[in-house]
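J.: return a 3D structure for these sequence lines:
(2 chains)
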Number of protein chains: 2
Amino acid sequence: MVTSIASVCLSGSLTEKLHACAKAGFDGVEIMDADLTVAYESPEEIRALCQRLGLRIDMFQPFRDAEGVEDEVFEENLRRAREKFRTMNRLGADLMLVCSNAGTASIDDDQVAARQLGELADAAAEYGVRIAYEALAWGRYVSDYRHAWRLVQAADRPNLGTCLDSFHILSRGHDPAGIEQIEGEKIFFLQLADAPQLDMDLLSWSRHHRLFPGEGAFDLAQFLFHVLRAGYRGPLSLEVFNDTFRQTDVYRTAAHAQRSLTWLADQAAALDHRRQSILPAAQPPRAIDFVEIAGVDLAEVDHLMDQLGFAFRGRHRRKPVRLWSYGEARIILNEQPKLQTPKIAGLGLEVADSAPAAERAEALGAPPVFRNTSTGEQNLRGVSSPDGTEIFWNDQIGPDGWISEFEGGLAPNGDSGTIDHVNLSYPWQDFEEAVLFATSVLGLEATPAAEVPGPLGLVRSQVMHTADRIVRLPLNLAPPTAPVPPRHIALACDDIIAVAADARSRGLQFLAVPDNYYDDLAARFPLAPDFIHRLKDLDLLYDQDDAGEFIHFYTPTIGDFFLEMVERRGQYDGYGAPNAPVRLAAQRSLLS
Amino acid sequence: MVTSIASVCLSGSLTEKLHACAKAGFDGVEIMDADLTVAYESPEEIRALCQRLGLRIDMFQPFRDAEGVEDEVFEENLRRAREKFRTMNRLGADLMLVCSNAGTASIDDDQVAARQLGELADAAAEYGVRIAYEALAWGRYVSDYRHAWRLVQAADRPNLGTCLDSFHILSRGHDPAGIEQIEGEKIFFLQLADAPQLDMDLLSWSRHHRLFPGEGAFDLAQFLFHVLRAGYRGPLSLEVFNDTFRQTDVYRTAAHAQRSLTWLADQAAALDHRRQSILPAAQPPRAIDFVEIAGVDLAEVDHLMDQLGFAFRGRHRRKPVRLWSYGEARIILNEQPKLQTPKIAGLGLEVADSAPAAERAEALGAPPVFRNTSTGEQNLRGVSSPDGTEIFWNDQIGPDGWISEFEGGLAPNGDSGTIDHVNLSYPWQDFEEAVLFATSVLGLEATPAAEVPGPLGLVRSQVMHTADRIVRLPLNLAPPTAPVPPRHIALACDDIIAVAADARSRGLQFLAVPDNYYDDLAARFPLAPDFIHRLKDLDLLYDQDDAGEFIHFYTPTIGDFFLEMVERRGQYDGYGAPNAPVRLAAQRSLLS
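T.: Next up, the predicted model:
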């Protein structure tokens, strides 16, 4: 797989973009004309920098509004093009993207368009330049890739081919199967972009909302499969216009982009039994092995665990690490002198085979993390996720594993607790990256995103989960002007009323729920007044769906996290989303 | 005019919202059910707080999915409603908004819907509650205000009326003239929201992109005119679901909201010759009188003025203020000990009559600013705009005005300079507020917004101008993660090549333009090589449109601002937008 990316996908100056693309492992780049125009570096310098970085300049783009015009306009277009061909010669780029005319086209005649494309290609040939002609989804007369291909065939020049762009094809609902009818060698370039299914005008959708592969609604694996079947052997290139990616850190976004392409190539290979997989198979987790909380002083967390009924399972025999368990739920407290604010710092996942899980993650660009492991201790392989949260995989579950490294604690208690879900929050601009990491590296699936009104704006929430829904990671996105909300660990129990009463008897003050909530609850559901009174007495929240009920409470926030205790009755499948505004408002009121 | 606002428009807790609404001068509020649910204060406390603040609770909302259902579902709905009626009694709210059923409706039969609405109203009557029934634009069977009105008529209960919402009517393209057919007394409530013309699904458009009146594409003045003609005498209430306003400072947004309503009421009154104007007439500026730059040390600015060929016109005889002029362009330097970073702090506008201009601004909620004025000095009235920039109005232009207070300077030079435009930048979340302030308070018009790619994301730009385009204020919106870009003053001259050469001879280093820019320019326009060489030699930027040409350069940035010098040739009407990416990239490269 040879990868490339259009410079327009990334933030920063052209040289910053090039460094980031090289670091992320791209083989080449498409240089956007406008990025070169605003650069102080000459085309020769950019060419030399790309050489040093090992990046090919796969394409120079875009050249607009070339064909379908009156002859005198076309003469001026040829003059424009020659200036750009000269720049390309200096840059050492030999392929130019020509988009179908969306601005100045005045002649709806394929013969004219084909003749002009042929003349443009002849002019390009004088400079050793090839032309890749692409149908823009909003091209005036040419907006279908099949039409663009017919024009390329009619012009019939060796240095004229077509460029396929998944957005322009799939956004129009055009069947990509027709790509197989195109001669592979005449597909000069391939641009890939995903997009959410939005009901809006094509131009705005394309210019602002494109996503990296795997993040939107397009079936890009199938799309790529058709392109490869047609015989295309050039680079897989990303051209993603996205308001957010234009702003995010260029190194991080380049790594994110490269991850999406690797994932896509692997997905497309899986559709073709003749191809080898590109990645080790994903290892969807069977369960959450542990959650790690790190901070300089975790005494308050110990106290909270004790109040909730966790069993203290001991200190690690060598490291300043403690283990608490609640049934099958394990929480590790890792005292780290440099981390002032306690936070959820890591996640252990149980998998069938940890080696391919880690190898897949590393092949997807996730850096392996060093785990302080000594002789006789279980060595868990792990990587750092883009936001720094560490992920570890464990395929040797049980008392002989890492748990045996903890000493001096109590026996596990008999509670049947489990980790119900771990809620991870992110700044708004890191959301797509987090979702792609969860799907491609962790092997999770995404449910449709929801929005929760909070006092500081709408919080977007997307649940990532395994097919059996045993592992659930709701991802929360803070509104741009608001601080990132705390993360939390939700523990499932069998009898939350008993658990809550016990915890209260041990002095735990739950997050206080407003009385008005219970009045509203009485309106929403025909519940027995005694039951509502019991909920209110214990600050418990309640929800129901068609399949069951959900009762839960929240602990106070410690540092950047808090805990939630939940009981699922029947087949309730949600997370108490209608109650999230209550939590958000209550947590904010404690801060102000 | 009696004003109201739905609590959902604003950020914060319910009590914060109520305080902000009262401070902004609203007469009443619509309390959103969800805002009460998450509040710790009881309904009685909210009621008492509203009484103390002088706010009426005009409506409690919304009650959803009431009608068009099977009888047993309706029984449950009645039970739900009774719980809410009890809450309303405690709150002292006597009007409930009932939205047409969008979720559970299963019977498409007007007789059933009308019967159920009648029964709901009868139940409400037991609690002294009135019902305002509204057609949601996406209601399952009822999505047209005329249909909702027919159902209200059919149900025929004294405590059942209709609620009109401009979004639900205008987003569907329904003719609001039909509102005049509704009995005024049966219009129980009026909700107003503007919206941009977006090609997207109704629900997303409504839930995320509503705007305050005057900020979108709807003709709300005409809409309101019809409602008033129908005989409606209740409050004008805002119900604006907007992702941004949910996040912005609640006091500032409430003031912004109130400004929009006052403006709208005035616009609607102007359509009806029988009504008196609500506001003094707008005074669109004839010219920019001066721009004020403030900062603790402005020596660097003096030097810049001198290099550009400004004339030093003297020191103020009493205040630490200096005046420079360039033809008709006047820039005041105001040394303020507490302001470390120099910035554009104020704008003087020439108007026909300054008193109504200031009175209109104050009626629109802009606080008057104190201007340090002594006996014998011209007293300019002014207000503070929402971001703190001060606006002054002057109707006594000439040497006898405030200019005569400056002493010890040189005579004005003979240059024919003017202020071409003043570019004001804002954080992304303050953009609508700035646009509304410019239209309603300053009497400017808006051109369609454009987007400029910068190295840290897309910069949105909207030009506000007078009808004659003599006064032009482009407003720039920073991308959310990027710092707010510097503001700038653009000066127009007759011969920019001479001005640039002179400035350079005085040692001014312009913002350096990349060589690549001139290669691109040669491609874009068929310009003579000598001319391009001259531009390049002087770091001048160039643009042309159908009507003329534009040549300009930028000075280095000082503090939070810089200057631009422009020459317009022919009838060129833009601002060199194609060159803005060059400026943004160059300015950033100087920072990093």
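J.: now do the same contact list for the closest residue to A:Gly103 other than its chain neighbours.
T.: Sequence neighbours aside, A:Asp65 is the residue nearest to A:Gly103 in space, at 4.5 Å (criterion: CB to CB, 6 or more residues apart in numbering or on different chains). C-beta here means a position set from N, CA and C on the backbone, and glycine is covered the same way. Neighbouring residues of A:Asp65 by CB atoms under 8 Å, 6 or more residues apart in numbering or on different chains: A:77, A:99, A:101-105.
J.: am I right that A:Asp65 is in a strand?
T.: No - A:Asp65: not assigned to a strand; according to DSSP: H, G, I helix; E, B strand; the rest coil it is coil.
J.: okay, A:Lys319 and chain B: tell me how far apart.
T.: Distance of A:Lys319 to chain B, computed by CB to the nearest CB, to the nearest Å: 37 Å.
J.: what number of residues lie near the nearest residue to that residue once chain neighbours are set aside?
T.: Leaving aside its chain neighbours, A:Lys319 sits nearest to A:Asn372 (6.1 Å; criterion: CB to CB, 6+ apart). Residues near A:Asn372, counting by other CB atoms under 10 Å in any protein chain shown, number 10.
J.: hang on, A:Asn372 in a strand?
T.: No - residue state for A:Asn372 (three-state DSSP) corresponds to coil; a strand is not indicated.
J.: buried residues, stretch A:308-318. List them.
T.: Judged by neighbour count (16 or more other CB atoms under 10 Å in any protein chain shown), stretch A:308-318 contains these buried residues: A:308-316.
J.: make CSV from those and add distance to B:Cys21 and pLDDT to it.
T.: Formatted as CSV, the buried residues of stretch A:308-318 follow (distance: CB to CB, whole Å; pLDDT from 0 to 100):
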residue, distance to B:Cys21, pLDDT
A:Leu308, 41, 95
A:Gly309, 45, 93
A:Phe310, 46, 95
A:Ala311, 51, 95
A:Phe312, 51, 96
A:Arg313, 53, 95
A:Gly314, 56, 96
A:Arg315, 55, 96
A:His316, 55, 96
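J.: list just the nearest of the residues you listed to B:Leu220.
T.: Using CB to CB, A:Leu308 is the member of these that sits closest to B:Leu220, with 53.9 Å.
J.: that closest one against A:Leu508, yeah?
T.: Yes - shown here, A:Leu308 and A:Leu508 form a contact pair, counting by CB atoms under 8 Å, at 6.8 Å.
J.: which residues do the two both contact?
T.: Residues touching both A:Leu308 and A:Leu508 (CB under 8 Å, 6+ apart): A:Thr555.
J.: list buried residues within the contacts of A:Asp65.
T.: With burial judged by 16+ other CB under 10 Å, the buried subset of the contacts of A:Asp65 is A:77, A:99, A:101-102, A:104-105.
J.: ok, so of these, who is nearest chain B?
T.: A:Asn77 (10.4 Å; CB to the nearest CB).
J.: contacting residues for the closest residue to that closest one other than its chain neighbours?
T.: In space, and not counting its chain neighbours, A:Asn77 is closest to A:Ala66: 5.2 Å by CB to CB, 6+ apart. By CB under 8 Å, 6+ apart, A:Ala66 lies in contact with A:74, A:77, A:81, A:98, A:101, A:116-117, A:120.
J.: ditto for A:Ile391
T.: Residues near A:Ile391 by CB under 8 Å, 6+ apart: A:346-347, A:349, A:361, A:366, A:382-385, A:441-442.
J.: please apply the same query to A:Leu410.
T.: By CB under 8 Å, 6+ apart, the residues touching A:Leu410 are A:311-314.
J.: in strands only, show me the residues you listed.
T.: Judged by DSSP state E, the subset of the contacts of A:Leu410 located in strands is A:311-314.
J.: and the residue of the stretch 151-300 of chain A closest to chain B?
T.: A:Gln247 (3.8 Å).
J.: residues in contact with that residue?
T.: Contact analysis of A:Gln247 by CB under 8 Å, 6+ apart lists A:11, A:429, B:456-457, B:479-482.
J.: and of these, the nearest to A:Glu215?
T.: Checking these against A:Glu215 with CB to CB, the nearest one is A:Gln429 at 13.5 Å.
J.: distance check, that closest one against chain B.
T.: 6 Å.
J.: make sure that residue is indeed in a strand.
T.: No - assessed with three-state DSSP, A:Gln429 is helix; it does not lie in a strand.
J.: sorry, back to before: the buried ones among the contacts of A:Asp65 in strands, which ones?
T.: Taking DSSP E as the definition of strands, the buried ones among the contacts of A:Asp65 contribute A:Cys99.
J.: confidence score at A:Ser592?
T.: For A:Ser592, the model assigns a pLDDT of 57.
J.: repeat for A:Arg274
T.: Note on A:Arg274: pLDDT of 79.
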